[in-house]
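Novice: Pasting the sequence and the predicted coordinates here, then a few questions.
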Amino acid sequence: MVKEADSVNPSHALFDSFVQAQTCKETQQNFIELCRHLKVEPRDYKHFYSKLKDRLNYWKAKDLWQKIDKRAAHPDYEQGQACHQNKCLVLGAGPCGLRTAIELALLGTQVAVLDKRVSFSRNNVLHLWPYTIRDLLNLGAKKFYGRFCSGSIHHISIRQLQLILLKVALILGVEVHTGVTFEGLLEPSGSTGWRAQVSPGSHRAAAFEFDVFISAGGGRYVPDGFKIKELRGKLAIGITANFVNRRTKQEAQVQEISGVARIYNQKFFQALHSEIGVDLENIVYYKDDTHYFVMTAKKGSLLKKGVIKQDFPDVNQLLAPANVNQKALEEYAYDAADFSTDHMLPDLEFARDHAGRPDVAMFDFTCMHRAENASLVKERKGKRLLIALVGDSLVEPFWPLGTGIARGFLAAFDTAWMVRNWGKGGLPLELLAERESMYQLLSQTTPENISKNYASYSINPSTRYPNISMSSIKPTQVKHTVLDSLRRLEDLLSWCQKNTAGYKHVKVKDLSESWRSGMALCALIHNFRPELINLSSLDEYNITRNNKLAFDLMEREFGITPVMRASEMITCEKIDQLSMVVYLTQIRNALTEKDTPAGNEGLFLEACITLKSIFNNICFHLFASHYFRSSCLPQSAPTASHPTTRPSRCPETARPPPSSTRSSATLSKDPVVPVSSSEVGGSELCYFCNKHLYVLERGSAEGKFFHRSCFNCYQCGSTLRQGGYAFLSDMGRFYCELHSAAEEEERDEGHIGSQV
Ligand SMILES: NC(=O)C1=CN([C@@H]2O[C@H](COP(=O)(O)OP(=O)(O)OC[C@H]3O[C@@H](n4cnc5c(N)ncnc54)[C@H](OP(=O)(O)O)[C@@H]3O)[C@@H](O)[C@H]2O)C=CC1
């Protein structure tokens with residue numbers, strides 16, 4: 001609604017109302033009225049922002065335009081042309097979905113955001129890292145929310161953050177549909193591309209076709225093809241509570257708590273326990289729209305206080321709603337809040353959650369989830385879809401550490417960078433590999449180890465991560481994320497089986513060893529061109545002759561170059577599957593006269609060929625002479641010239657590096673570890689189990705070599721991944737994120753709460 005006397009010009013008043021709107025609904029309504037009044041059509045997303053700016057000649061808006069113009073002028077966006085042909089659906093209007101939508105709009109993408117919620121009702125308060133503060137200020141946060149970061153500790157409530165981002169997104173021409181539930185992806189059919197199944201089904205978002213899908217639904221929806229990994233730690237029960245902030249003088253004087261962990265203030269926690277029976281590991285208090293508390297409580301005291309009714313070893317059973325006494329939980333949170341603020345907050349009254357209940361909740365942080373991959377590509381009927389996860393659906397944050405939104409925004413920028421490359425026609429495997437390389441860094445990022453030059457931050461990862469290697473993950477390592485391609489390997493195998501069935505001495509079981517004798521290749525040729533080959537003249541044990549015959553015929557008749565020499569089929573230890581896949585695919589295309597791979601075939605061949613060439617390089621760099629002694633890899637592979645890093649033999653004898661590697665140094669990824677000729681052949685010992693380690697099964701991190709299956713958290717035994725671990729060098733131990741934080745917290749005395 002237009003506020004009276006705000007301005008004489010109705011459009012100015014409408015703009016003011018839009019800027020000041022305090023709910024999602026009010027924001028959307030004011031926006032629509034403003035657009036109507038100025039006769040600008042939000043669906044004309046390409047020109048919307050410039051038209052709005054031109055038609056709203058209002059001094060109060062100038063500040064905002066300047067900020068947005070400055071961001072939009074960054075060369076990364078190529079004046080909104082970088083992705084002008086792309087369309088993106090974003091699932092979730094949480095902070096991360098909206099932040100991603102803004103970047104994609106700046107790249108020129110047509111963006112639609114869906115959220116099932118109709119209101120922004122989350123009171124919980126998020127900690128902001130310095131770069132996020134700068135980022136939001138640059139988007140005009142102060143304009144939309146005058147109190148932004150005016151307190152002593154930098155934070156913002158989720159709903160205020162969503163409001164700011166929603167307003168910026170709308171100004172940039174993003175369509176935001178609330179009250180719409182995403183039910184799943186609809187595959188292309190006929191001339192229609194990828195779409196979403198939504199509820200209500202009649203909503204116009206159902207007709208939106210897109211080639212990029214961002215899943216930012218907060219972790220509850222995981223698109224097909226993504227694997228989610230569980231990181232299980234020791235029992236950690238989180239409690240959040242929000243109390244009404246009446247903004248009185250007395251409330252203003254109460255000190256915030258940026259994070260008090262038990263180890264740093266034993267006295268406080270002992271008093272809390274002995275005086276009121278509340279036993280906590282840590283507590284945080286932020287004063288924002290509400291008085292917000294987040295704490296980790298010990299199970300014993302929750303049982304004693306009757307918050308948890310019955311003890312169960314299984315945490316799901318333990319924290320099931322039926323096993324929680326809500327009233328007792330309210331009392332517990334109330335007492336903790338009152339005690340930790342020295343009883344200085346007068347008339348503590350619970351704020352209300354979206355359902356009108358006292359806003360206090362209990363969460364399980366024992367088990368955190370993270371996706372194994374950040375992105376993938378699907379292809380159906382020749383139409384490709386890039387799918388990316390951002391926010392909590394990518395990595396669930398441990399709230400008391402206050403990393404959620406900062407890492408969420410970093411992933412939003414990284415994702416936008418990938419979409420930019422997608423829009424510019426980058427090869428799927430290459431851009432997926434680059435995205436995964438960035439994803440490896442995410443869990444290691446801290447306010448200290450990311451670049452401090454906030455002014456130069458852009459979606460380009462190199463502006464944010466010092467010493468980043470954008471190619472630490474190779475395309476071959478993301479092959480499984482190009483989903484159609486893998487299915488096509490199976491298709492290729494069954495085509496081969498079908499067309500060699502019934503031939504004597506031929507049994508095709510795979511795309512490698514079954515081809516060694518050359519009989520299967522000859523059978524394949526005979527099946528299609530019997531006149532070319534006399535099968536009765538073949539001897540299954542004359543491997544070189546059979547293969548030479550088949551290779552020569554393929555080359556002469558169909559112009560297909562052999563992938564290896566016939567003699568190598570007998571000498572090699574293992575047939576190289578990727579070489580065979582590329583070779584057999586070309587044969588299939590030739591024999592079935594599909595000579596130009598098109599549509600889905602294109603992606604498949606691209607995958608195979610990229611995999612093959614990369615694989616050859618990696619193999620050469622990694623396995624050098626060992627592989628050449630024993631394998632069939634083509635000899636044209638490039639030579640390696642890296643220095644050698646020798647592994648330590650075991651943790652006990654390893655000489656500790658100068659400092660803990662949970663520093664900025666860990667941001668530069670392990671290079672592919674080169675192997676000297678004395679090492680190849682593989683008889684080193686695994687850093688962890690001290691057993692023999694062969695080159696082909698070897699993983700490495702921090703200069704240590706090990707079996708990949710041995711790379712587990714010292715504390716909980718969960719499997720570690722490159723980039724998703726911390727290494728405490730003085731002890732020579734590797735930890736998962738959760739346990740490294742706990743371990744460091746215990747050791748790092750005097751450093752109270754700077755993470756929180
Ligand atoms: N309570 C807290 O303190 C919370 C804090 N956060 C913070 O916010 C950060 C960013 O969160 P973010 O990743 O953006 O996720 P959010 O949870 O903030 O946003 C996701 C949004 O998508 C909605 N959604 C989920 N599934 C669907 C669907 N199928 N169709 C339509 N809408 C759907 C969710 O609704 P719904 O929620 O109803 O499923 C929610 O509104 C987190 O890292 C964390 O720090 C996030 C969530 C809660």
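Specialist: Yes, it's here.
Novice: can you give me the strands in the stretch 51-200 of the chain?
Specialist: 87-91, 110-115, 125-127, 155-157, 175-178, 181-186, 195-199 (DSSP state E, counting those that start in this stretch).
Novice: Need the contact partners of the helix or strand that the last one is followed by.
Specialist: Moving toward the C-terminus from strand 195-199, the next helix or strand (DSSP states H and E) is strand 212-215. For strand 212-215, the external contacting residues (CB atoms under 8 Å, 6 or more residues apart in numbering) are 86-92, 97, 100-101, 104, 109, 185, 194, 196, 221-223, 385-390, 393, 415, 419, 422. (C-beta placed from N, C-alpha, C; glycine too.)
Novice: try 6 Å this time
Specialist: 86, 88-91, 100, 223, 386-390, 393, 419 (CB atoms under 6 Å, 6 or more residues apart in numbering).
Novice: could you pick out which of those are near the ligand?
Specialist: Leu91 (CB under 6 Å from any ligand atom).
Novice: still on that earlier bit, tabulate the strands of the stretch 51-200 of the chain (CSV), appending mean pLDDT and mean neighbour count.
Specialist: Formatted as CSV, the strands of the stretch 51-200 of the chain follow (pLDDT from 0 to 100; neighbours: other CB atoms under 10 Å):
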stretch, mean pLDDT, mean neighbour count
strand 87-91, 98, 27
strand 110-115, 98, 26
strand 125-127, 88, 26
strand 155-157, 90, 24
strand 175-178, 97, 20
strand 181-186, 95, 16
strand 195-199, 96, 18
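Novice: Show the model's pLDDT score for the nearest residue to Glu737 once chain neighbours are set aside.
Specialist: Once flanking residues are discounted, Glu737 sits nearest to Ser443: 5.0 Å by CB to CB, 6 or more residues apart in numbering. You'll see Ser443 listed with a pLDDT of 86.
Novice: is it true that Ser443 touches Tyr725?
Specialist: No. Here Ser443 does not reach Tyr725: they are 8.2 Å apart, not a contact under CB atoms under 6 Å.
Novice: For the two, indicate the residue with more neighbours.
Specialist: Set Ser443 next to Tyr725 and count neighbours by other CB atoms under 10 Å: Tyr725 wins out with 27 against 21.
Novice: Tell me where the model's unsure across the stretch 101-250 of the chain.
Specialist: 151-153 (pLDDT under 70).
Novice: Closest residue of it to the ligand?
Specialist: Nearest to the ligand in the stretch 101-250 of the chain, going by CB to the nearest ligand atom, is Gly218, at a distance of 2.5 Å.
Novice: List the residues that contact that residue.
Specialist: 92, 94, 392.
Novice: As a markdown table, these with distance to Thr561 and neighbour count would be great.
Specialist: What follows is the contacts of Gly218, written out as a markdown table (distance: CB to CB, whole Å; neighbours: other CB atoms under 10 Å):
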| residue | distance to Thr561 | neighbour count |
| --- | --- | --- |
| Gly92 | 49 | 28 |
| Gly94 | 52 | 28 |
| Asp392 | 49 | 21 |
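Novice: filter these down to the ones close to the ligand.
Specialist: Okay, of the contacts of Gly218 touching the ligand (CB under 6 Å from any ligand atom), that's 92, 94, 392.
Novice: Identify whichever of the strands of the stretch 51-200 of the chain lies nearest to Glu436.
Specialist: strand 87-91 (19.9 Å; CB to CB).
Novice: Which other helices and strands does the closest one contact?
Specialist: For strand 87-91, the packing partners by 3 or more CB pairs under 6 Å, 6 or more residues apart in numbering; DSSP states H and E come out as helix 95-106, strand 110-115, strand 212-215.
Novice: who does the last one pair up with?
Specialist: Neighbouring strands of strand 212-215 in its sheet, by DSSP bridges, are strand 87-91 (parallel), strand 383-389 (parallel).
Novice: related to what we said a few turns ago, tell me, what's touching Ser443 and Tyr725 both at once?
Specialist: Contacts common to Ser443 and Tyr725, judged by CB under 6 Å, 6+ apart, are absent.
Novice: Who are the contact partners of the residue at minimal distance from the centre of the chain?
Specialist: Centroid-nearest residue in the chain, with CA atoms, centre = their mean: Ala374, separated by 3.5 Å. Taking CB under 6 Å, 6+ apart, we find Ala374 in contact with 389, 394, 435, 439.
Novice: likewise Leu348?
Specialist: Phe243 are the contacts of Leu348 under CB under 6 Å, 6+ apart.
Novice: rerun at 8 Å
Specialist: Here Leu348 is in contact with 243, 291, 334, 337-338 (CB under 8 Å, 6+ apart).
Novice: would you turn these into CSV with secondary structure?
Specialist: Converted to CSV, the contacts of Leu348 look like this (DSSP: H, G, I helix; E, B strand; the rest coil):
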residue, secondary structure
Phe243, strand
His291, strand
Tyr334, helix
Ala337, helix
Asp338, helix
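Novice: Can you tell me which of the residues you listed are buried?
Specialist: 243, 291, 334, 337-338 (16 or more other CB atoms under 10 Å).
Novice: for the stretch 551-700 of the chain, which spans come out with low pLDDT?
Specialist: In the stretch 551-700 of the chain, residues with pLDDT under 70: 593-684, 692-700.
Novice: same thing but at 50, please
Specialist: 595-600, 608-683, 695-696 (pLDDT under 50).
Novice: how near is the nearest residue to Ala105 once chain neighbours are set aside to Ser157?
Specialist: Of all residues not flanking Ala105 in the chain, Leu172 sits nearest, at 4.0 Å (CB to CB, 6+ apart). Separation of Leu172 from Ser157 (CB to CB, to the nearest Å): 23 Å.
Novice: Same check on Lys39?
Specialist: Distance of Lys39 to Ser157, computed by CB to CB: 35 Å.
Novice: So what does His707 have for phi and psi?
Specialist: When quoted as degrees, to the nearest 10, the phi and psi of His707 stand at phi -70, psi 140.
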